[in-house]
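> give the three-dimensional model of this entry:
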Amino acid sequence: MSLISEAVPQAGSAPRPRMAASRTRLESLTGLRWFAALLIFCYHFSYEQYGAGTAKHLRALKDATFAGPSAVSFFFILSGFVLAWSARLGDPVPGFWRRRFARIYPSHLVTFGIAALMLVWMGKRLETGLALSNLTLTQSWVPNDEDRWFAYNGVSWSLGCEFFFYLCFPLLISAMRRLPLAGLWAVVGLGNLFVLLHPFTTGFFLRTAGWEEKFTLYMFPPVRLAEFVIGIALALLVKKGAWRGPGLVASVALSVGAVLALAHLMPEKFHWVAVTVVPFTLTVAAAARADVRGEESPFRNRFVVYLGEVSFAFYLLHEMVIFSTSHFLRLHHVTVPLAVHAALVMAISLGSAVLLHEYVEKPCVKWLGPRAERIRRSGR
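Numbers count the residues shown, from 1 in each chain. Now for the predicted structure:
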C-alpha cells in the first residue's frame, strides 16, 4: 500500500506455476502491507501515557519502533509499484482518477466524521479551518503547522500526499514507459540517492524558506513523490523481468534490521524516511518477483493477505481507537494491565477496520469504480 488497497489479491499460500507478470496478483505485497500498518500501530501506541507502572514497557516499545514513521515510505513505494503494475495502456485519465477517489475518499470521509464525534466527546473544540484542510486533503502542504497536519484524523495527512501522486501518475507512467532499462535503473538509483541525501539539505530550507525539518523531510508531498516514482520504476523493471536484487528473505531481513537497529545508529532525522528507503525498495521488488515466479512466501498466507486488505481501514482508524480507549479508561478511572489495554485497542481497531473495509471501502469501489464506468459507457 500504499496505504491504499490497490491490489486485489487471490489468497493462498501454495506455490503457483510461473505466469506472465502482467497477470500476477501481488499477494505478498498485500500481506506485507499489514506488517507496515502494524509497525505504525505499535509506534503510535508506544506514545500513550497509561499508568506509572507501564512506563518501562512503553519505553521499550518506543525504542523498538523508533523508525515507525518510515513505514509510510513503504506505503508510498508500494503505491507507485501497484499502480504501475496494474496500469492499462489507453486507460482514460478521468477514469483512473475516479477509481482512486473511490478507493480512498469515502473511507476518509467516514473516519473524518468519526474523528469529529470523538473530539466532541472529549470536549475539544472543532475548528472549521482545520476541518476544511482535512476534508480537502491539503493539510500536508502547509509549512510548520503541526496542529493542521494532524487535526481530526491525524493519519490522513498521508492521503494528501497520495492524492498528489495520483494527479501526477498519468504523466509519470506515460514518460517512464518510454525509458529503456538503463533509464529505469537510473530512476531507482537516483530516487534512493535523493531520499538518502535529502536530510543533509534541511538546513538550506530552514534558512531560505523557514521550513521545519519535519515538513521538509516528511510532510511535503513533492518531496515524498520520489518514493512513489521509485515504486513505478520498480514495477516496470519487475514486469520486464529485469530486476536484479536480493531475494525476499534477505530483503525483509534488511528492512527489519534497518527498523530495529540501523535507525538507532543514524542521526534522528534519518528515521523518518532515509534509513529504510533502500531495504524497502529491495523488499517491494523481491516480494513481487517471488509472486511472479510462484516462489514460497509467508506473506501469501490467506489470513495475512486478508489483514493486508483491511490494512488501509486499520491505518485510518487505529490512532482514534488508541486515543478514545485511553480517554474512556481515564474518564472512568479504570486501570487494566498494559497487555490487556493493548489487546483491547488492537481488537477494536481491527474489528472496526473489517467493518469499514467491508461496508464502506468495498461497496464504494464497486459503486464508483470500474463497474460504474462500465454502466456509464453502456448508457444504462
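> residue ranges in the stretch 101-250 of the chain under the pLDDT threshold?
In the predicted model, the stretch 101-250 of the chain carries no residue with pLDDT under 70.
> how about the nearest residue to Val229, chain neighbours excluded?
Gly191 (5.6 Å; C-beta to C-beta, 6 or more residues apart in numbering). Just so you know, the C-beta spots here come from the backbone N, C-alpha and C atoms, and that holds for glycine as well.
> how many other residues sit next to the one you found?
Around Gly191 there are 24 other residues, counting by other C-beta atoms under 10 Å.
> and Leu32, by the same measure?
For Leu32, the neighbour count with other C-beta under 10 Å is 27.
> hmm, it is touching Ala287, no?
Yes: under the criterion of C-beta atoms under 8 Å, Leu32 makes contact with Ala287 at 5.8 Å.
> now for the two: what residues contact both?
Shared contacts of Leu32 and Ala287 (C-beta atoms under 8 Å, 6 or more residues apart in numbering): Phe299.
> picking that back up, from Arg99, how far out is the residue nearest to Val229?
When distance is defined by C-beta to C-beta, to the nearest Å, Gly191 is 25 Å away from Arg99.
> and for Thr276?
Per C-beta to C-beta, Thr276 is found 29 Å from Arg99.
> give me phi/psi at Trp334?
Just to correct that, residue 334 is Val rather than Trp. Main-chain dihedrals, Val334, degrees, to the nearest 10: phi -100, psi 130.
> give me the longest helix you can find in the protein.
helix 93-121 (DSSP state H).
> mind listing what's buried in that helix?
Applying a neighbour-count criterion of 16 or more other C-beta atoms under 10 Å, one finds 95-96, 98-108, 110-112, 114-116, 118-119 buried in helix 93-121.
> got the contact list for the closest residue to Pro69 other than its chain neighbours?
Using C-beta to C-beta, 6+ apart and skipping residues adjacent in sequence, the residue nearest Pro69 is Trp272, 5.1 Å away. Neighbour list for Trp272: 69-70, 214, 217-218 [criterion: C-beta under 8 Å, 6+ apart].
> if we go to 6 Å?
69, 217-218 (C-beta atoms under 6 Å, 6 or more residues apart in numbering).
> in JSON lines, list those along with distance to His332 and neighbour count.
As requested, these are exported to JSON lines (distance: C-beta to C-beta, whole Å; neighbours: other C-beta atoms under 10 Å):
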{"residue": "Pro69", "distance to His332": "32", "neighbour count": "20"}
{"residue": "Leu217", "distance to His332": "40", "neighbour count": "23"}
{"residue": "Tyr218", "distance to His332": "36", "neighbour count": "23"}
